[in-house]
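Enquirer: next come a sequence and a model predicted from it.
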Amino acid sequence: MSDKLKATEEQLAYARLLDKGMKLGLLMLVISFAIYVFGIFTPHVPVSDLPAYWSMPVKDYLKATDIHTGWSWLHMVGKGDFLNFVGIAFLSAVTIFCYIRIIPILFRKKDSVYGILAIIEVLVLVLAASGILKSGGH
Amino acid sequence: MLKQCFKFAILLIVIACFFVITLPAGASTEPLAAAPVVPQSLMPWWGWPLLLFVVTFVMGIVAVLGGVGGGVLFVPIIGGFFPFHIDFVRGAGLLVALAGALAAGPGLLKKGMADLRLAVPVALIASSCAIVGAMIGLALPAKVVNIALGGTILGIVAIMLMAKKSEYPDVPKPDNLSSALRISGVYYEPSLGENINWQIHRTPQGLATFIIIGVMAGMFGLGAGWANVPVLNLMMGAPLKVSVATSKFLLSITDTSAAWIYVNNGAVLPMMVVPSIIGIMLGSIVGVKILAKTKPAAIRYMVIGLLLFAGLRALLKGLGIWN
């Protein structure tokens, strides 16, 4: 008996998209990091200055480097350090895409409970990704 | 089995209480504003990322051989012995655990070892609570986080030493909730050459425990395989292989929600994240190859010793005894 027969349609659909997304995300991360490290795009924070910042609490680091939170990094994507956030954000979004992929399958199979759970999960992850939720800092 | 579940649940609650109790004491000791820190190290700027890559590579090997997730080693060790602030360490730890889970997920799902039906309701609770945990974690002073992290790591050591595993837990009757959600499955066990049917019980209790696990995962950026597996296996009665695989897959969802909070709050430094992800993934590949040839039991005790040391370091750092 093949173990492959045991995975459901939605599980396989999820797995296939996850596989592609993960590989693409990691590739983006490696390429953008190479661009950053080799100085092809000038970073917002010079790499030689990083040791002065990485031991600071995040709130102080953001203030000292004039970096804004949320999706403001999109405006700085031309900078070598912020280019890496494209890959990071993509990797962090892969799961959302996978859930969206299985929602129609679940409803087609009349598995409405799991369809609704999947929709709620997407909403939770989108809320987390939206940048609306800010931490108070310390 | 039930006794083990209770022990585990009590231990989780004790850990949770530990960091709740430490909050007021630690909060008052944090300076109001941190002044810019001039690094005392003579190491060039690239020295630390390079060392981080080497250490995470070794960590990847050790994690596979020791049967633990990379995230649980990453945060206490890098937080304890590198100059990076704990905020950035937790952000990187979450992304390291996330990348590892994303990489393992497709294979585990395709083989039917990780179960989507089991994961979806659990993930919804854990990922929602991980958001809360991440927000609390980022709002807390570093000293408090270190004290709580140290306590948690010592709790994990206790779980690793105490918690037994059950290959095929006895689940005489599924509970109403798992029946309603149709959480059950079949997987092929090559060592037995037969299909294993499984079902779960104590689903409400298990889901409730994932509230605590989610908060802790988000708060410390540890990953949560150390807690997921005992709950899925001992409390809910999923077979060990299904529990381990589903736990790994679960991290890809739980850590996604928490990772977004860290990303959106600026607690992610690419110079830390990328070398760590590459290092730990390459180390894991080497670790899997070594594991195929040998299974050194001593490594697990080495990992426990390492965690004990790193946990004590975090605790003493938080208490200002060992800075």
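Expert: Perfect, thanks for sending it. Numbering: from 1, shown residues only, chains lettered A, B, ... in the order given.
Enquirer: make sure B:K164 is indeed in a helix.
Expert: No: under DSSP: H, G, I helix; E, B strand; the rest coil, B:K164 falls outside any helix and is assigned coil.
Enquirer: wouldn't it be in contact with B:L240 here?
Expert: No: judged on CB atoms under 8 Å, B:K164 makes no contact with B:L240 at a distance of 10.5 Å. Just so you know, the C-beta spots here come from the backbone N, C-alpha and C atoms, and that holds for glycine as well.
Enquirer: neighbour count: those two, which is higher?
Expert: B:L240 (16 against 12; other CB atoms under 10 Å in any protein chain shown).
Enquirer: who's in contact with A:F82?
Expert: When contacts are counted by CB atoms under 8 Å, 6 or more residues apart in numbering or on different chains, A:F82 touches A:P43, A:H44, A:W73, A:M76.
Enquirer: sort out for me which of these are in helices.
Expert: Applying DSSP state H to the contacts of A:F82, no entry is found in helices.
Enquirer: between all of those, which two are separated the most?
Expert: Spatial extent of these (CB to CB) is set by the pair A:P43 and A:W73 at 12.3 Å.
Enquirer: quick one: the helices in the chain?
Expert: Because you didn't say which chain, this covers chain A. Under DSSP H, chain A gives helices at A:9-37, A:50-53, A:58-65, A:80-108, A:112-130.
Enquirer: sorry, should have said chain B
Expert: B:2-27, B:47-66, B:70-81, B:86-110, B:116-139, B:142-162, B:176-180, B:203-220, B:225-230, B:240-264, B:270-293, B:297-318.
Enquirer: mean pLDDT and distance to A:D81 for the ones you listed - can I get that in a markdown table?
Expert: Compiled in a markdown table, the helices of chain B are given as follows (pLDDT from 0 to 100; distance: least, CB to CB, whole Å):
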| stretch | mean pLDDT | distance to A:D81 |
| --- | --- | --- |
| helix B:2-27 | 49 | 32 |
| helix B:47-66 | 93 | 12 |
| helix B:70-81 | 91 | 19 |
| helix B:86-110 | 94 | 13 |
| helix B:116-139 | 97 | 20 |
| helix B:142-162 | 93 | 23 |
| helix B:176-180 | 97 | 47 |
| helix B:203-220 | 96 | 25 |
| helix B:225-230 | 89 | 31 |
| helix B:240-264 | 94 | 13 |
| helix B:270-293 | 90 | 6 |
| helix B:297-318 | 89 | 28 |
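Enquirer: any idea which of these gets closest to A:V126?
Expert: helix B:240-264 (9.2 Å).
Enquirer: go through that closest one and flag the buried ones.
Expert: B:240-264 (16 or more other CB atoms under 10 Å in any protein chain shown).
Enquirer: columns distance to chain A on top of the helices of chain B, output as a markdown table?
Expert: Supplementary listing: the helices of chain B in a markdown table, determined by distance: least, CB to the nearest CB, whole Å:
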| stretch | distance to chain A |
| --- | --- |
| helix B:2-27 | 9 |
| helix B:47-66 | 7 |
| helix B:70-81 | 11 |
| helix B:86-110 | 4 |
| helix B:116-139 | 4 |
| helix B:142-162 | 6 |
| helix B:176-180 | 8 |
| helix B:203-220 | 10 |
| helix B:225-230 | 16 |
| helix B:240-264 | 4 |
| helix B:270-293 | 4 |
| helix B:297-318 | 13 |
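Enquirer: excluding sequence neighbours, find me the nearest residue to the residue nearest the centre of chain A.
Expert: By CA atoms, centre = their mean, chain A has its centre lying nearest to A:S92, at 2.0 Å. Of all residues not flanking A:S92 in the chain, B:A259 sits nearest, at 5.0 Å (CB to CB, 6 or more residues apart in numbering or on different chains).
Enquirer: what number of residues lie near A:L127?
Expert: By other CB under 10 Å, the residues close to A:L127 number 15.
Enquirer: and it, what's its pLDDT?
Expert: According to the prediction, A:L127 has pLDDT 97.
Enquirer: B:W45 now?
Expert: pLDDT, B:W45: 89.
Enquirer: thinking it is in contact with A:A52, fair?
Expert: No: shown here, B:W45 and A:A52 do not form a contact pair, counting by CB under 8 Å, at 9.4 Å.
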